[in-house]
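Engineer: structure of the sequence below:
(2 chains)
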Amino acid sequence: MNPPDLKYSEEHEWVRVESGDLAVMGVTAFAAESLGDVVFLELPQADTELTQSEKLGEVESVKAVSDIYSPISGRVLEVNQQAVDNPELVNESPYDSGWLLKVTISDPAELDKLMTSEQYEAFLASQEN
Amino acid sequence: MKRTPLFESHVGLGARMVPFAEWDMPVQYAGILDEARAVRTGAGLFDVSHMGRVSIEGPAAASFLDRVLSSDVPGMRVGRARYGFICNEEGGIIDDCIIYRRDRDRFLLVPNAGNTAGVLEWLSRWSPSEREVRVEDVTSGLAMIANQGPRAAEMMEGLTPDNISSLRPFSAVEMRIGGVESLVARTGYTGEDGFELIVPRESAAEVWRLLIESGATPCGLGARDVLRLEAGLLLHGNDMDPATNPYEAGLDRFVDPDRGGYIAGEALRRVRDQGPSRVLVGFNMVGRGIARHGHPIMDGPDQIGSVTSGTYSPTLDRNIGLGYVPTGFAPPGTRFEIDVRGRRVEAEVATLPFYSRRKSA
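Structural biologist: This is a model prediction of the structure:
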(Lines give C-alpha, C1' and ligand atoms only; values in the text may rest on other atoms or scores of the structure.)
Protein backbone atom coordinates (compact mmCIF):
# COMPACT_ATOMS: atom_id res chain seq x y z
CA MET A 1 0.00 0.00 0.00
CA ASN A 2 1.10 3.56 -0.56
CA PRO A 3 1.46 5.35 2.80
CA PRO A 4 -1.18 8.08 3.31
CA ASP A 5 1.27 10.60 4.78
CA LEU A 6 3.29 10.92 1.54
CA LYS A 7 2.83 12.98 -1.62
CA TYR A 8 3.20 11.36 -5.02
CA SER A 9 4.23 12.44 -8.53
CA GLU A 10 2.95 11.14 -11.86
CA GLU A 11 6.50 9.94 -12.52
CA HIS A 12 6.15 7.57 -9.54
CA GLU A 13 8.28 9.38 -6.96
CA TRP A 14 7.21 10.11 -3.41
CA VAL A 15 7.99 12.87 -0.88
CA ARG A 16 7.58 12.83 2.86
CA VAL A 17 7.82 16.15 4.68
CA GLU A 18 9.67 15.39 7.90
CA SER A 19 9.61 18.76 9.68
CA GLY A 20 9.74 22.32 8.48
CA ASP A 21 11.53 22.36 5.14
CA LEU A 22 13.13 18.91 5.48
CA ALA A 23 11.82 16.20 3.17
CA VAL A 24 12.73 12.66 2.13
CA MET A 25 12.10 11.30 -1.36
CA GLY A 26 12.17 8.00 -3.16
CA VAL A 27 10.44 5.97 -5.85
CA THR A 28 7.08 4.29 -5.32
CA ALA A 29 6.37 0.59 -4.84
CA PHE A 30 4.70 0.62 -8.24
CA ALA A 31 7.87 1.96 -9.89
CA ALA A 32 10.05 -0.58 -8.11
CA GLU A 33 7.71 -3.43 -8.98
CA SER A 34 7.49 -2.37 -12.63
CA LEU A 35 11.27 -2.18 -12.99
CA GLY A 36 11.93 -5.55 -11.37
CA ASP A 37 15.09 -6.20 -9.35
CA VAL A 38 16.87 -2.86 -8.97
CA VAL A 39 20.64 -3.29 -9.34
CA PHE A 40 21.98 0.25 -9.77
CA LEU A 41 21.22 3.80 -8.61
CA GLU A 42 22.72 6.95 -10.07
CA LEU A 43 21.96 9.80 -7.65
CA PRO A 44 23.15 13.42 -7.32
CA GLN A 45 25.68 14.43 -4.67
CA ALA A 46 24.93 16.45 -1.57
CA ASP A 47 24.33 20.17 -2.23
CA THR A 48 23.00 19.55 -5.74
CA GLU A 49 20.06 21.85 -6.56
CA LEU A 50 16.99 19.96 -7.74
CA THR A 51 14.16 21.38 -9.81
CA GLN A 52 10.67 19.98 -9.67
CA SER A 53 9.90 17.57 -12.55
CA GLU A 54 13.48 17.60 -13.81
CA LYS A 55 15.62 14.49 -14.01
CA LEU A 56 17.71 13.93 -10.89
CA GLY A 57 19.14 10.49 -11.58
CA GLU A 58 18.54 6.99 -12.79
CA VAL A 59 17.27 3.76 -11.35
CA GLU A 60 18.32 0.64 -13.22
CA SER A 61 17.05 -2.91 -12.98
CA VAL A 62 18.47 -6.01 -14.60
CA LYS A 63 16.49 -5.30 -17.76
CA ALA A 64 15.61 -1.61 -17.79
CA VAL A 65 16.79 1.91 -17.01
CA SER A 66 14.40 4.56 -15.80
CA ASP A 67 14.97 8.25 -15.12
CA ILE A 68 14.11 9.59 -11.70
CA TYR A 69 12.44 13.02 -11.71
CA SER A 70 12.54 15.33 -8.76
CA PRO A 71 9.06 15.54 -7.21
CA ILE A 72 9.94 18.94 -5.70
CA SER A 73 12.62 21.63 -5.96
CA GLY A 74 15.28 21.75 -3.27
CA ARG A 75 18.85 21.13 -2.27
CA VAL A 76 20.22 17.65 -1.58
CA LEU A 77 21.20 17.23 2.10
CA GLU A 78 21.95 13.55 2.15
CA VAL A 79 22.10 10.57 -0.21
CA ASN A 80 21.04 7.17 1.08
CA GLN A 81 24.41 5.45 0.71
CA GLN A 82 22.87 2.22 2.04
CA ALA A 83 20.55 2.13 -0.97
CA VAL A 84 23.37 3.04 -3.38
CA ASP A 85 25.40 0.12 -2.01
CA ASN A 86 22.38 -2.24 -1.78
CA PRO A 87 19.94 -1.19 -4.51
CA GLU A 88 17.66 -4.12 -3.68
CA LEU A 89 16.44 -1.97 -0.75
CA VAL A 90 14.39 -0.07 -3.34
CA ASN A 91 12.42 -3.26 -4.05
CA GLU A 92 12.32 -4.52 -0.49
CA SER A 93 11.35 -1.29 1.21
CA PRO A 94 10.62 1.55 -1.22
CA TYR A 95 9.03 3.81 1.42
CA ASP A 96 11.39 3.11 4.29
CA SER A 97 15.01 1.88 4.07
CA GLY A 98 14.90 2.26 0.27
CA TRP A 99 14.58 6.06 0.42
CA LEU A 100 16.89 7.92 -1.97
CA LEU A 101 17.48 11.55 -0.94
CA LYS A 102 16.96 13.95 1.95
CA VAL A 103 16.41 17.49 0.73
CA THR A 104 15.62 20.98 1.96
CA ILE A 105 12.46 22.10 0.20
CA SER A 106 12.87 25.40 -1.62
CA ASP A 107 9.18 26.03 -2.41
CA PRO A 108 6.59 24.34 -0.16
CA ALA A 109 3.80 25.44 -2.54
CA GLU A 110 5.06 22.87 -5.02
CA LEU A 111 3.81 20.12 -2.72
CA ASP A 112 0.27 21.09 -3.71
CA LYS A 113 0.98 19.99 -7.27
CA LEU A 114 1.58 16.44 -6.06
CA MET A 115 -1.00 13.76 -5.42
CA THR A 116 -2.26 12.28 -2.17
CA SER A 117 -2.04 8.50 -1.79
CA GLU A 118 -5.70 8.20 -2.79
CA GLN A 119 -5.19 10.34 -5.87
CA TYR A 120 -2.07 8.37 -6.76
CA GLU A 121 -3.91 5.07 -6.52
CA ALA A 122 -6.68 6.45 -8.73
CA PHE A 123 -3.96 7.62 -11.13
CA LEU A 124 -2.41 4.12 -11.21
CA ALA A 125 -5.83 2.59 -11.85
CA SER A 126 -6.43 5.01 -14.72
CA GLN A 127 -3.00 4.16 -16.20
CA GLU A 128 -3.90 0.48 -16.26
CA ASN A 129 -6.91 1.02 -18.48
CA MET B 1 1.72 -12.28 -31.08
CA LYS B 2 2.59 -15.98 -31.12
CA ARG B 3 2.09 -18.15 -28.04
CA THR B 4 4.07 -21.22 -27.07
CA PRO B 5 2.25 -24.38 -25.90
CA LEU B 6 3.20 -23.29 -22.36
CA PHE B 7 1.54 -19.86 -22.47
CA GLU B 8 -1.25 -20.89 -20.08
CA SER B 9 1.29 -22.40 -17.68
CA HIS B 10 3.22 -19.12 -17.56
CA VAL B 11 0.13 -17.03 -16.93
CA GLY B 12 -0.96 -19.50 -14.24
CA LEU B 13 2.40 -19.09 -12.51
CA GLY B 14 2.02 -15.30 -12.52
CA ALA B 15 4.78 -14.65 -15.07
CA ARG B 16 5.32 -11.18 -16.47
CA MET B 17 4.87 -11.59 -20.22
CA VAL B 18 6.72 -9.50 -22.81
CA PRO B 19 6.98 -9.54 -26.59
CA PHE B 20 10.17 -11.22 -27.82
CA ALA B 21 10.80 -11.92 -31.53
CA GLU B 22 7.02 -11.92 -32.18
CA TRP B 23 6.40 -14.30 -29.27
CA ASP B 24 4.59 -13.55 -26.02
CA MET B 25 7.22 -14.82 -23.56
CA PRO B 26 7.77 -14.79 -19.78
CA VAL B 27 10.53 -12.32 -18.86
CA GLN B 28 10.33 -13.22 -15.17
CA TYR B 29 8.25 -15.03 -12.57
CA ALA B 30 9.40 -14.23 -8.99
CA GLY B 31 12.34 -12.05 -10.02
CA ILE B 32 15.33 -12.22 -12.35
CA LEU B 33 18.00 -12.32 -9.63
CA ASP B 34 16.32 -15.13 -7.65
CA GLU B 35 15.79 -17.10 -10.85
CA ALA B 36 19.43 -16.71 -11.91
CA ARG B 37 20.51 -17.87 -8.44
CA ALA B 38 18.25 -20.93 -8.69
CA VAL B 39 19.99 -22.01 -11.89
CA ARG B 40 23.47 -21.57 -10.37
CA THR B 41 22.63 -23.48 -7.19
CA GLY B 42 19.72 -25.81 -8.02
CA ALA B 43 17.78 -26.09 -11.24
CA GLY B 44 15.80 -23.64 -13.37
CA LEU B 45 13.22 -24.31 -16.03
CA PHE B 46 12.95 -22.27 -19.24
CA ASP B 47 10.34 -22.36 -21.98
CA VAL B 48 12.43 -22.12 -25.14
CA SER B 49 9.64 -23.21 -27.48
CA HIS B 50 9.94 -19.89 -29.31
CA MET B 51 13.16 -21.15 -30.89
CA GLY B 52 12.79 -22.77 -34.28
CA ARG B 53 12.80 -26.48 -35.05
CA VAL B 54 13.57 -27.47 -38.59
CA SER B 55 13.61 -31.06 -39.79
CA ILE B 56 16.10 -31.85 -42.56
CA GLU B 57 15.84 -35.34 -44.03
CA GLY B 58 16.88 -37.28 -47.09
CA PRO B 59 19.81 -39.12 -48.63
CA ALA B 60 21.65 -35.84 -49.32
CA ALA B 61 20.80 -34.18 -45.95
CA ALA B 62 24.29 -34.51 -44.46
CA SER B 63 26.12 -33.26 -47.55
CA PHE B 64 23.63 -30.40 -47.95
CA LEU B 65 24.05 -29.30 -44.32
CA ASP B 66 27.81 -29.53 -44.75
CA ARG B 67 27.56 -26.80 -47.40
CA VAL B 68 25.42 -24.59 -45.14
CA LEU B 69 26.85 -25.05 -41.63
CA SER B 70 30.20 -23.78 -40.36
CA SER B 71 31.64 -27.13 -39.36
CA ASP B 72 31.72 -30.74 -40.51
CA VAL B 73 28.33 -32.48 -40.61
CA PRO B 74 28.93 -35.85 -42.37
CA GLY B 75 31.45 -36.74 -39.63
CA MET B 76 28.89 -36.26 -36.83
CA ARG B 77 27.84 -39.45 -35.11
CA VAL B 78 24.15 -40.28 -34.74
CA GLY B 79 22.90 -39.02 -31.37
CA ARG B 80 25.25 -36.05 -31.27
CA ALA B 81 24.47 -32.34 -31.23
CA ARG B 82 26.78 -29.59 -32.44
CA TYR B 83 26.87 -25.80 -32.16
CA GLY B 84 27.65 -23.83 -35.30
CA PHE B 85 26.82 -20.96 -37.63
CA ILE B 86 24.90 -20.41 -40.79
CA CYS B 87 26.94 -17.81 -42.65
CA ASN B 88 26.20 -15.95 -45.85
CA GLU B 89 28.59 -15.90 -48.82
CA GLU B 90 30.47 -12.98 -47.23
CA GLY B 91 30.98 -14.97 -44.02
CA GLY B 92 28.41 -12.89 -42.08
CA ILE B 93 26.44 -14.73 -39.41
CA ILE B 94 22.82 -15.28 -40.48
CA ASP B 95 22.27 -17.27 -37.29
CA ASP B 96 23.92 -19.50 -34.73
CA CYS B 97 22.18 -22.79 -34.09
CA ILE B 98 22.40 -26.32 -32.84
CA ILE B 99 22.20 -29.26 -35.23
CA TYR B 100 21.14 -32.69 -33.96
CA ARG B 101 21.90 -35.84 -35.91
CA ARG B 102 18.97 -38.11 -35.18
CA ASP B 103 19.79 -40.75 -37.76
CA ARG B 104 22.07 -41.17 -40.74
CA ASP B 105 19.78 -39.16 -43.02
CA ARG B 106 17.73 -37.29 -40.41
CA PHE B 107 18.69 -34.00 -38.72
CA LEU B 108 17.01 -31.41 -36.54
CA LEU B 109 18.19 -27.80 -36.68
CA VAL B 110 17.35 -25.32 -33.91
CA PRO B 111 17.76 -21.68 -35.01
CA ASN B 112 16.92 -18.58 -32.95
CA ALA B 113 13.27 -17.51 -32.76
CA GLY B 114 13.77 -14.28 -34.66
CA ASN B 115 15.88 -15.92 -37.35
CA THR B 116 13.83 -19.01 -38.12
CA ALA B 117 12.16 -17.50 -41.17
CA GLY B 118 15.49 -16.24 -42.53
CA VAL B 119 17.16 -19.59 -41.94
CA LEU B 120 14.33 -21.43 -43.74
CA GLU B 121 14.68 -19.05 -46.65
CA TRP B 122 18.44 -19.60 -46.76
CA LEU B 123 18.02 -23.39 -46.63
CA SER B 124 15.44 -23.42 -49.42
CA ARG B 125 17.76 -21.26 -51.55
CA TRP B 126 20.55 -23.84 -51.39
CA SER B 127 18.70 -27.13 -50.98
CA PRO B 128 18.79 -29.64 -53.82
CA SER B 129 15.68 -31.45 -55.07
CA GLU B 130 12.93 -32.69 -52.73
CA ARG B 131 13.97 -36.21 -53.59
CA GLU B 132 17.40 -35.65 -52.04
CA VAL B 133 16.58 -33.33 -49.12
CA ARG B 134 13.30 -32.41 -47.45
CA VAL B 135 13.35 -29.28 -45.28
CA GLU B 136 10.33 -28.85 -43.03
CA ASP B 137 9.48 -26.30 -40.34
CA VAL B 138 8.24 -28.44 -37.43
CA THR B 139 8.33 -25.64 -34.83
CA SER B 140 4.62 -25.45 -34.10
CA GLY B 141 4.09 -29.17 -33.44
CA LEU B 142 6.78 -29.31 -30.77
CA ALA B 143 7.71 -27.55 -27.54
CA MET B 144 11.17 -27.09 -26.12
CA ILE B 145 11.99 -26.90 -22.41
CA ALA B 146 15.41 -26.33 -20.85
CA ASN B 147 16.15 -27.62 -17.35
CA GLN B 148 19.44 -26.09 -16.23
CA GLY B 149 21.51 -26.24 -13.10
CA PRO B 150 23.73 -28.46 -10.95
CA ARG B 151 20.69 -30.36 -9.63
CA ALA B 152 18.90 -30.76 -12.98
CA ALA B 153 20.17 -34.31 -13.61
CA GLU B 154 19.20 -35.74 -10.23
CA MET B 155 15.78 -34.07 -10.41
CA MET B 156 15.07 -35.70 -13.74
CA GLU B 157 16.23 -39.16 -12.71
CA GLY B 158 12.88 -39.80 -11.05
CA LEU B 159 10.98 -38.88 -14.20
CA THR B 160 12.52 -41.41 -16.55
CA PRO B 161 13.38 -45.11 -16.56
CA ASP B 162 16.36 -44.24 -18.77
CA ASN B 163 19.80 -43.40 -17.42
CA ILE B 164 19.66 -39.64 -17.95
CA SER B 165 22.76 -38.90 -15.84
CA SER B 166 24.97 -40.90 -18.20
CA LEU B 167 23.99 -38.74 -21.18
CA ARG B 168 27.14 -36.96 -22.32
CA PRO B 169 27.36 -33.21 -23.08
CA PHE B 170 26.16 -32.47 -26.61
CA SER B 171 24.50 -35.84 -26.91
CA ALA B 172 20.82 -36.23 -27.67
CA VAL B 173 18.72 -39.34 -27.31
CA GLU B 174 15.05 -40.21 -27.24
CA MET B 175 13.76 -41.07 -23.80
CA ARG B 176 10.50 -41.01 -21.89
CA ILE B 177 10.10 -38.13 -19.47
CA GLY B 178 7.06 -38.66 -17.27
CA GLY B 179 5.83 -41.11 -19.89
CA VAL B 180 6.21 -38.59 -22.72
CA GLU B 181 8.45 -39.54 -25.65
CA SER B 182 11.04 -36.74 -25.71
CA LEU B 183 14.27 -35.86 -27.43
CA VAL B 184 16.62 -35.09 -24.55
CA ALA B 185 19.89 -33.28 -25.19
CA ARG B 186 22.56 -32.41 -22.65
CA THR B 187 22.90 -28.84 -23.87
CA GLY B 188 21.97 -25.38 -22.67
CA TYR B 189 22.59 -21.66 -22.66
CA THR B 190 23.35 -20.90 -19.03
CA GLY B 191 26.87 -22.17 -18.34
CA GLU B 192 25.49 -24.90 -16.09
CA ASP B 193 24.98 -28.60 -16.58
CA GLY B 194 21.52 -29.24 -17.90
CA PHE B 195 19.16 -30.56 -20.52
CA GLU B 196 17.02 -29.37 -23.36
CA LEU B 197 13.88 -31.40 -24.03
CA ILE B 198 11.91 -31.42 -27.23
CA VAL B 199 8.41 -32.78 -26.63
CA PRO B 200 5.12 -32.94 -28.56
CA ARG B 201 3.12 -29.74 -28.25
CA GLU B 202 0.20 -31.45 -26.51
CA SER B 203 2.46 -32.91 -23.76
CA ALA B 204 4.41 -29.72 -23.04
CA ALA B 205 2.32 -28.49 -20.10
CA GLU B 206 2.44 -31.92 -18.45
CA VAL B 207 6.24 -32.20 -18.74
CA TRP B 208 6.62 -28.61 -17.49
CA ARG B 209 4.43 -29.39 -14.46
CA LEU B 210 6.36 -32.56 -13.64
CA LEU B 211 9.67 -30.72 -13.77
CA ILE B 212 8.39 -28.00 -11.45
CA GLU B 213 7.06 -30.64 -9.06
CA SER B 214 10.47 -32.27 -9.00
CA GLY B 215 11.93 -29.00 -7.76
CA ALA B 216 12.98 -26.88 -10.76
CA THR B 217 12.34 -23.11 -10.50
CA PRO B 218 10.50 -21.54 -13.47
CA CYS B 219 12.77 -18.89 -15.05
CA GLY B 220 12.13 -16.22 -17.66
CA LEU B 221 14.06 -14.65 -20.49
CA GLY B 222 15.53 -12.06 -18.11
CA ALA B 223 17.42 -14.67 -16.09
CA ARG B 224 18.35 -16.50 -19.27
CA ASP B 225 20.03 -13.38 -20.64
CA VAL B 226 21.97 -12.75 -17.40
CA LEU B 227 23.10 -16.38 -17.19
CA ARG B 228 24.26 -16.67 -20.79
CA LEU B 229 26.20 -13.42 -20.50
CA GLU B 230 27.92 -14.56 -17.30
CA ALA B 231 28.88 -17.74 -19.17
CA GLY B 232 30.25 -15.67 -22.07
CA LEU B 233 27.68 -17.04 -24.53
CA LEU B 234 26.72 -14.75 -27.40
CA LEU B 235 23.21 -13.73 -28.41
CA HIS B 236 22.51 -13.38 -32.12
CA GLY B 237 21.02 -9.98 -32.90
CA ASN B 238 22.97 -8.45 -30.01
CA ASP B 239 26.52 -9.78 -30.09
CA MET B 240 26.62 -11.00 -33.68
CA ASP B 241 24.64 -10.44 -36.84
CA PRO B 242 25.04 -10.74 -40.62
CA ALA B 243 27.60 -7.89 -40.52
CA THR B 244 29.92 -9.86 -38.20
CA ASN B 245 31.76 -13.11 -38.84
CA PRO B 246 32.69 -15.95 -36.43
CA TYR B 247 36.36 -14.90 -36.33
CA GLU B 248 35.44 -11.42 -35.08
CA ALA B 249 33.08 -13.02 -32.58
CA GLY B 250 35.99 -15.13 -31.27
CA LEU B 251 34.21 -18.36 -32.18
CA ASP B 252 36.59 -19.77 -34.80
CA ARG B 253 36.69 -23.12 -32.97
CA PHE B 254 33.24 -23.77 -34.45
CA VAL B 255 34.37 -23.01 -38.01
CA ASP B 256 36.07 -25.20 -40.57
CA PRO B 257 36.28 -23.11 -43.76
CA ASP B 258 38.44 -25.60 -45.67
CA ARG B 259 35.69 -28.06 -46.56
CA GLY B 260 34.95 -28.26 -50.26
CA GLY B 261 31.55 -26.86 -51.23
CA TYR B 262 31.09 -24.80 -48.05
CA ILE B 263 29.13 -21.73 -49.14
CA ALA B 264 30.96 -19.29 -46.85
CA GLY B 265 34.32 -21.08 -47.16
CA GLU B 266 36.10 -18.65 -49.43
CA ALA B 267 35.08 -15.56 -47.45
CA LEU B 268 35.91 -17.16 -44.10
CA ARG B 269 39.30 -18.43 -45.31
CA ARG B 270 40.10 -14.85 -46.26
CA VAL B 271 39.13 -13.55 -42.79
CA ARG B 272 41.10 -16.34 -41.14
CA ASP B 273 44.23 -15.69 -43.22
CA GLN B 274 44.15 -11.89 -42.84
CA GLY B 275 42.94 -11.91 -39.25
CA PRO B 276 39.93 -9.83 -38.17
CA SER B 277 40.46 -6.11 -37.58
CA ARG B 278 38.06 -6.04 -34.63
CA VAL B 279 37.10 -8.66 -32.08
CA LEU B 280 34.49 -9.26 -29.45
CA VAL B 281 35.80 -8.86 -25.89
CA GLY B 282 34.31 -9.28 -22.45
CA PHE B 283 34.80 -6.44 -19.99
CA ASN B 284 34.25 -5.68 -16.33
CA MET B 285 33.02 -2.23 -15.35
CA VAL B 286 35.64 -0.55 -13.19
CA GLY B 287 33.64 2.62 -12.56
CA ARG B 288 30.01 2.78 -11.44
CA GLY B 289 27.51 1.99 -14.16
CA ILE B 290 26.01 -0.72 -16.33
CA ALA B 291 26.92 -0.77 -20.01
CA ARG B 292 24.06 -1.59 -22.37
CA HIS B 293 23.72 -2.64 -26.01
CA GLY B 294 24.70 0.24 -28.29
CA HIS B 295 26.73 2.27 -25.79
CA PRO B 296 29.89 3.67 -27.46
CA ILE B 297 33.29 2.32 -26.37
CA MET B 298 35.71 5.25 -26.19
CA ASP B 299 39.46 5.75 -26.20
CA GLY B 300 39.86 9.41 -25.27
CA PRO B 301 37.78 11.43 -27.73
CA ASP B 302 37.52 8.57 -30.24
CA GLN B 303 34.83 5.95 -30.45
CA ILE B 304 36.63 2.64 -30.97
CA GLY B 305 33.70 0.26 -30.71
CA SER B 306 30.27 -0.51 -29.32
CA VAL B 307 28.82 -2.47 -26.44
CA THR B 308 26.73 -5.41 -27.63
CA SER B 309 25.48 -6.73 -24.25
CA GLY B 310 25.76 -5.63 -20.64
CA THR B 311 24.24 -6.48 -17.31
CA TYR B 312 24.66 -6.68 -13.59
CA SER B 313 25.99 -10.15 -12.77
CA PRO B 314 24.37 -11.52 -9.60
CA THR B 315 26.74 -14.51 -9.51
CA LEU B 316 29.86 -12.32 -9.61
CA ASP B 317 28.29 -9.21 -8.02
CA ARG B 318 29.76 -6.86 -10.60
CA ASN B 319 28.76 -5.26 -13.88
CA ILE B 320 29.89 -7.06 -17.01
CA GLY B 321 29.51 -6.70 -20.76
CA LEU B 322 30.57 -7.63 -24.28
CA GLY B 323 31.58 -5.39 -27.16
CA TYR B 324 33.61 -5.11 -30.32
CA VAL B 325 36.96 -3.29 -30.22
CA PRO B 326 39.98 -3.06 -32.54
CA THR B 327 42.31 -6.03 -31.95
CA GLY B 328 44.87 -3.76 -30.23
CA PHE B 329 42.38 -3.23 -27.39
CA ALA B 330 41.61 -6.93 -26.96
CA PRO B 331 44.28 -8.15 -24.48
CA PRO B 332 42.83 -8.78 -20.99
CA GLY B 333 43.63 -5.89 -18.68
CA THR B 334 43.30 -3.26 -21.42
CA ARG B 335 41.24 -0.30 -20.24
CA PHE B 336 38.81 1.90 -22.13
CA GLU B 337 35.80 4.03 -21.30
CA ILE B 338 32.16 3.42 -22.05
CA ASP B 339 29.74 6.24 -22.72
CA VAL B 340 26.82 5.29 -20.45
CA ARG B 341 24.11 7.76 -21.51
CA GLY B 342 26.55 10.66 -21.53
CA ARG B 343 28.60 9.55 -18.54
CA ARG B 344 32.10 8.13 -19.09
CA VAL B 345 32.66 4.95 -17.09
CA GLU B 346 35.92 3.01 -17.08
CA ALA B 347 35.96 -0.66 -18.06
CA GLU B 348 38.64 -3.33 -18.29
CA VAL B 349 38.94 -6.22 -20.73
CA ALA B 350 38.32 -9.57 -19.00
CA THR B 351 39.01 -13.15 -19.96
CA LEU B 352 35.90 -14.98 -21.15
CA PRO B 353 33.88 -16.62 -19.80
CA PHE B 354 33.18 -14.39 -16.80
CA TYR B 355 31.78 -17.40 -15.01
CA SER B 356 32.50 -21.10 -15.42
CA ARG B 357 31.04 -23.78 -13.25
CA ARG B 358 33.19 -26.09 -11.21
CA LYS B 359 33.29 -29.33 -13.14
CA SER B 360 32.21 -32.25 -11.00
CA ALA B 361 33.44 -35.80 -11.55
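
Engineer: what helices or strands is the longest helix anywhere in chain A leaning on?
Structural biologist: If you go by DSSP state H, chain A has its longest helix at helix A:117-128. Under the contact definition 3 or more Cβ pairs under 8 Å, 6 or more residues apart in numbering or on different chains; DSSP states H and E, helix A:117-128 sits against strand A:7-8. Glycine gets a C-beta too; all of them are placed from N, C-alpha and C.

Engineer: let's go with 10 Å and repeat that
Structural biologist: strand A:7-8, helix A:29-35 (3 or more Cβ pairs under 10 Å, 6 or more residues apart in numbering or on different chains; DSSP states H and E).

Engineer: next one: the first one to chain centre, how far?
Structural biologist: If you compare the mean C-alpha spot of strand A:7-8 with that of the full chain, they lie 9 Å apart, counting by Cα atoms, centre = their mean, to the nearest Å.

Engineer: need the contact partners of it.
Structural biologist: Strand A:7-8 has contacts (Cβ atoms under 10 Å, 6 or more residues apart in numbering or on different chains) with A:2, A:13-17, A:23, A:25, A:28, A:30, A:71-72, A:110-121, A:123-124.

Engineer: please apply the same query to the last one.
Structural biologist: Outside of helix A:29-35, the residues that reach it under the criterion Cβ under 10 Å, 6+ apart are A:1-3, A:8, A:11-14, A:26-28, A:38, A:59-66, A:68, A:88-95, A:98, A:120-121, A:123-124, A:127, B:16.

Engineer: inside helices: which ones of these?
Structural biologist: Those of the contacts of helix A:29-35 lying in helices (DSSP H): A:89-92, A:120-121, A:123-124, A:127.

Engineer: okay, now residue B:165: neighbour count?
Structural biologist: As a burial measure, residue B:165 scores 11 neighbours (other Cβ atoms under 10 Å in any protein chain shown).

Engineer: wasn't it part of a helix?
Structural biologist: Yes: using DSSP: H, G, I helix; E, B strand; the rest coil, the assignment for residue B:165 is a helix.

Engineer: look up how far chain A lies from the nearest residue to it once chain neighbours are set aside.
Structural biologist: In this structure, residue B:165 finds its nearest non-sequential neighbour in residue B:153, 4.8 Å apart by Cβ to Cβ, 6 or more residues apart in numbering or on different chains. Computed as Cβ to the nearest Cβ, to the nearest Å, the residue B:153 to chain A distance reads 27 Å.

Engineer: wait, what's in contact with the one residue in chain A that gets nearest to chain B?
Structural biologist: Closest contact between chain A and chain B, by Cβ to the nearest Cβ, is at residue A:39 (3.8 Å). For residue A:39, the contact set (Cβ under 10 Å, 6+ apart) comprises A:59-63, A:87-88, A:90-91, B:32-33, B:226, B:290, B:311-314, B:317, B:319.

Engineer: the stretch 151-300 of chain B: strands as residue ranges?
Structural biologist: Assigned by DSSP state E, counting those that start in this stretch, the stretch 151-300 of chain B shows strands spanning B:172-177, B:180-185, B:194-200, B:217-218, B:278-285, B:296-299.

Engineer: could I get those strands as TSV with distance to chain A and mean pLDDT?
Structural biologist: TSV is the format used below for the strands of the stretch 151-300 of chain B (distance: least, Cβ to the nearest Cβ, whole Å; pLDDT from 0 to 100):
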stretch	distance to chain A	mean pLDDT
strand B:172-177	31	96
strand B:180-185	28	97
strand B:194-200	21	98
strand B:217-218	15	98
strand B:278-285	10	98
strand B:296-299	16	98
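
Engineer: so where's the chain shaky on pLDDT?
Structural biologist: Assuming you mean chain A. Applying pLDDT under 70 to chain A flags residues A:129.

Engineer: the intended chain is chain B.
Structural biologist: Residue ranges of chain B with pLDDT under 70: B:359-361.

Engineer: and the residue of it closest to chain A?
Structural biologist: Closest contact between chain B and chain A, by Cβ to the nearest Cβ, is at residue B:312 (3.8 Å).

Engineer: the residue nearest the centre of chain B and residue B:228, how far apart?
Structural biologist: Among the residues of chain B, the one closest to the centroid is residue B:189, at 5.2 Å (Cα atoms, centre = their mean). According to Cβ to Cβ, to the nearest Å, residue B:189 stands 5 Å off from residue B:228.

Engineer: shared neighbours, those two?
Structural biologist: When contacts are counted by Cβ under 10 Å, 6+ apart, residue B:189 and residue B:228 are jointly contacted by residue B:235.

Engineer: if we can go back for a sec, okay but the residue nearest to residue B:165 is in contact with residue B:147, surely?
Structural biologist: Yes: between residue B:153 and residue B:147 there is a contact under Cβ atoms under 10 Å: 8.9 Å.

Engineer: these two: which is more packed in?
Structural biologist: Legend: neighbour count by other Cβ under 10 Å for residue B:153 and residue B:147, higher for residue B:147 (31 against 18).

Engineer: what secondary structure does that one sit in?
Structural biologist: Following three-state DSSP, the label given to residue B:147 is strand.

Engineer: confirm for me that it is in contact with residue B:188.
Structural biologist: Yes: judged on Cβ under 10 Å, residue B:147 makes contact with residue B:188 at a distance of 8.5 Å.

Engineer: shared neighbours of those two, which are they?
Structural biologist: Both residue B:147 and residue B:188 are contacted by B:39, B:46, B:194-196, under the criterion Cβ under 10 Å, 6+ apart.

Engineer: what's the closest non-adjacent residue to the residue of chain B closest to chain A?
Structural biologist: residue A:39 (3.8 Å).

Engineer: what residue lies at the spatial centre of chain A?
Structural biologist: Taking Cα atoms, centre = their mean as the criterion, residue A:26 is the residue nearest the geometric centre of chain A, at 2.5 Å.

Engineer: residues in contact with that residue?
Structural biologist: Here residue A:26 is in contact with A:6, A:12-16, A:32, A:59, A:68, A:71, A:80, A:83, A:89-90, A:93-101 (Cβ under 10 Å, 6+ apart).

Engineer: sitting in strands, which of those do you find?
Structural biologist: Taking DSSP state E, the ones among these that sit in strands are A:13-16, A:59, A:68, A:101.

Engineer: thinking again about what came up before, strand partners of the strand or helix carrying the residue of chain B closest to chain A, parallel vs antiparallel please.
Structural biologist: Element membership for residue B:312, per DSSP states H and E: strand B:302-313. Using DSSP bridges, the strands paired with strand B:302-313 are strand B:296-299 (antiparallel), strand B:318-326 (antiparallel).

Engineer: quick check on residue B:95: phi, psi?
Structural biologist: Phi and psi for residue B:95, reported as degrees, to the nearest 10, are phi -170, psi 160.

Engineer: confirm that residue B:123 sits in a helix.
Structural biologist: Yes: membership of residue B:123 in a helix is supported by three-state DSSP.

Engineer: so it sits against residue B:86, correct?
Structural biologist: Yes: between residue B:123 and residue B:86 there is a contact under Cβ under 10 Å: 8.3 Å.
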